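>>> Provided below for reference: sequence and predicted model.
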Amino acid sequence: FFTSVLRRTVTLLTQLAKEMASHAALETQVNDATEAAKKYMAENEKLQEALSGRGDAKKKESTDATEEKLKEEVEHLKAELQKTSHAFHKAKTEVAAVKKQSEGLKREYDHLMKEFEQLQQNLNKAEDKKDL
């Protein structure tokens with residue numbers, strides 16, 4: 001008799017544990033569903049406001065402010081682009097000038113080397129004459 005009562009108690013405790021776990025899972029699902037419903041209701045309300053025109057004034061103000069900021073940023077970027085373009089043009093002309101100067105120096109160096117060779121040859125000829 002005692003074992004049958006004990007067995008029945010264990011069975012009932014097992015069923016109670018299963019039901020408690022099931023209850024907790026259902027409670028979590030209900031909470032998630034409630035939060036989702038609240039979120040969808042808020043989105044629906046926003047959409048209704050947008051459609052009815054109640055939110056147009058706020059939306060227009062924020063759009064105007066955003067547009068003004070974007071215009072200022074465009075002007076700033078245009079000014080920066082102009083400065084950069086000017087600096088690039090200046091650097092390009094400086095590079096061309098340095099390149100031209102370098103070519104002139106190269107020609108002058110070649111000319112001086114030729115003169116040096118001629119002077120060396122003349123010196124060698126003069127020394128050869130002295131030796132005779």
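That came through, no problem.

>>> low-scoring stretches of the protein, by residue?
Within the chain, the ranges that satisfy pLDDT under 70 run 53-61, 132.

>>> enumerate every residue touching Val30.
By C-beta atoms under 8 Å, 6 or more residues apart in numbering, Val30 lies in contact with nothing. C-betas here are computed from N, CA, C, even on glycine.

>>> next one: the helix or strand it falls within to chain centre, how far?
Assigned by DSSP states H and E, Val30 belongs to helix 2-52. The gap between the average C-alpha position of helix 2-52 and the chain average comes to 44 Å, counting by C-alpha atoms, centre = their mean, to the nearest Å.

>>> got it, and stretch 70-79?
Taking the mean of its C-alpha atoms, stretch 70-79 sits 19 Å from the chain's own mean (C-alpha atoms, centre = their mean).

>>> go on, stretch 100-115?
A distance of 49 Å separates the centroid of the chain from that of stretch 100-115, by C-alpha atoms, centre = their mean.
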